[in-house]
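Visitor: Task: produce atomic coordinates for the following.
(4 chains)
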2 protein chains.
Amino acid sequence: MRVVQQRLDRTQVVESAIAFVDACGLSELTMRRLGTALDVEAMALYRHVSGRADLLEAMVDELIDGLFDDDLMTEDSHSWEEYLQRVANATRNLAIEHPRIFPLIATQPPQAPWLRPPLRSVRWVEDFLSSLQRFGFADAEAVAAYKAFTSFLVGALLLQAASLNPEVIGDEEDSSVGGDLGEYPTVRRLQGLLMEDHAQREFDDALDDLIERIRTSTQA
Amino acid sequence: MRVVQQRLDRTQVVESAIAFVDACGLSELTMRRLGTALDVEAMALYRHVSGRADLLEAMVDELIDGLFDDDLMTEDSHSWEEYLQRVANATRNLAIEHPRIFPLIATQPPQAPWLRPPLRSVRWVEDFLSSLQRFGFADAEAVAAYKAFTSFLVGALLLQAASLNPEVIGDEEDSSVGGDLGEYPTVRRLQGLLMEDHAQREFDDALDDLIERIRTSTQA
DNA sequence: ATGAGGTGTTTACAGTGTAATCGTATTATG
DNA sequence: CATAATACGATTACACTGTAAACACCTCAT
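Guide: Take a look at the predicted model:
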């Protein structure tokens, strides 16, 4: 966690907070506890962070801007379809690596009303829109694609992250998870199918379909 | 809020909590404050609710089960497409009427791992699956539709609710919301388009597309 | 009338975010 | 290098949170 180091750093605070939430969950994150994790009194954090709200915002910003460093993002795309696929999978990796923080990314009020989670930084919107325009998208088409794409990501990945969350209630191995299910015959019959995990395939299918939708919408 | 009444009621507690969050936001909801809103000491709430977490869960359950009472849900659908449209629009109404609670609906860990927000009650899954099967869906098709449909709803409506949230940061009337935007020429040029609100149309379009996707996927 | 639960109140306590103040270590300036 | 300025962490303090425990009352079946 914290090595021998004399001076604290905002980056260090934020990264430790991310690690802490990954390990213990968001509700366990406390200024005092994060302080002891950094071997520092709680009030020391306020030199680098204006408060808990600012810390949460900084964690989200850190992760979202860290997306640019994903391997998928380091090389250029040769088509807008490839670009969308790279961004989608990089974001998916993020959701899988930080399932307890992703709800925050999806939920925290953005800095401007037109910034949409999870691509909620001006830098990302610039990259997204300019990339699509580089491949011939008109203004309105690029903006429409941004909105549709962010909606898709939030929907697919928030539920993916939820399924990875350790604090989900019913994870007994019993097949009759919810109790009797006596009045719900269809659910009981299909429970096996409901529990099957095809998240990766469903994600890819939905993404392919979104790409197809964007394609026909820009051709028209 | 609370009329003259001698005995408190769990329903009353939960409904008051919903009204309180609608009015003041989730972070303002406090046992003490909800108590005074009900003209009661905070500890009295614990007779009807086992704690704050239980209260939040009860609020979500109340709203989700209340979906069945929406006008759109009272009459039967004559096709699975119509059913999906009714459920989608009823949920959309819910998100619009309670934008400050919808993040909770989308985020709160479900009672079983195979329950997906926002249709996160066994009763709703039963209704959804059995309805689709009534229109000829095979087992796996109905389950796949449930997963795709819930992802769509969460993505579209969480961002819709966020845009309605009063606590969004930048709502100055200034057109240069985020600051300079000097290094982001595309964003600056398209900012007007980004701020335009076509939520209803985008929702309908995405829903139509999802329906089309489900149709072709079940025919194959 | 009498007992027994159920319901609201009071008191109490550990834990939270954070404002204010105070030394000290670090850095900038001569 | 010496000194002044500043940044940083520690300490203390306070209002507020969720909730456990004990208490008093009201309601109601017997």
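Visitor: buried stuff in the lengthiest helix in chain A?
Guide: As assigned by DSSP state H, the longest helix anywhere in chain A is helix A:139-164. Using 16 or more other Cβ atoms under 10 Å in any protein chain shown as the test for burial, helix A:139-164 gives A:141-162, A:164. Bear in mind the C-beta positions are built from the backbone N, C-alpha and C, glycine included.
Visitor: for it, what is the average pLDDT?
Guide: Averaging pLDDT along helix A:139-164 yields 98.
Visitor: Stretch A:22-36 and chain B, any residue contact?
Guide: No - applying Cβ under 8 Å from any Cβ of the partner chain, one finds stretch A:22-36 separated from chain B by no less than 9.4 Å.
Visitor: tell me which residues in that stretch are buried?
Guide: For stretch A:22-36, using 16+ other Cβ under 10 Å, the buried residues are A:26, A:29, A:31, A:34-35.
Visitor: contacts for it?
Guide: A:13, A:16-17, A:20-21, A:41-45, A:52, A:55, A:97-98, A:100-101, A:103-104, A:166-167 (Cβ atoms under 8 Å, 6 or more residues apart in numbering or on different chains).
Visitor: so is the closest residue to residue A:164 other than its chain neighbours in a helix, a strand, or just coil?
Guide: The shortest distance from residue A:164 to any non-neighbouring residue, by Cβ to Cβ, 6 or more residues apart in numbering or on different chains, is to residue A:99 (3.9 Å). Following DSSP: H, G, I helix; E, B strand; the rest coil, we place residue A:99 in the coil state.
Visitor: Got phi/psi on residue A:99?
Guide: phi -60, psi -20 (degrees, to the nearest 10).
Visitor: Up against DNA strand D, what does chain A have?
Guide: Neighbours of DNA strand D within chain A, by Cβ under 7 Å from any atom of the strand: A:7-8, A:35, A:40-44, A:47-48.
Visitor: List the ones among the residues you listed that fall in helices.
Guide: residue A:35.
Visitor: want to throw the residues of chain A next to DNA strand D into CSV with distance to DNA strand C?
Guide: CSV is the format used below for the residues of chain A next to DNA strand D (distance: Cβ to the nearest atom of the strand, whole Å):
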residue, distance to DNA strand C
A:7, 6
A:8, 11
A:35, 8
A:40, 12
A:41, 9
A:42, 4
A:43, 4
A:44, 9
A:47, 9
A:48, 12
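Visitor: And the residues of chain A next to DNA strand D, which two are furthest apart?
Guide: Checked with Cβ to Cβ, those reach their widest spread between A:7 and A:42, with 17.1 Å between them.
Visitor: More neighbours: the two, which one.
Guide: residue A:42 (14 against 6; other Cβ atoms under 10 Å in any protein chain shown).
Visitor: Tell me how far the more buried one lies from residue A:55.
Guide: Per Cβ to Cβ, to the nearest Å, residue A:42 is found 12 Å from residue A:55.
Visitor: Please apply the same query to residue A:131.
Guide: Counting by Cβ to Cβ - residue A:131 and residue A:55 are separated by 31 Å.
Visitor: same thing with residue A:29?
Guide: For residue A:29 relative to residue A:55 (Cβ to Cβ), the value is 8 Å.
Visitor: How about residue A:108?
Guide: 12 Å.
Visitor: Up against DNA strand C, what does chain A have?
Guide: Counting by Cβ under 7 Å from any atom of the strand, chain A sits next to DNA strand C at A:6-7, A:29-33, A:42-43, A:46, A:51-53.
Visitor: which of these lies closest to chain B?
Guide: For the residues of chain A next to DNA strand C, the residue nearest chain B by Cβ to the nearest Cβ is residue A:53; the value is 9.4 Å.
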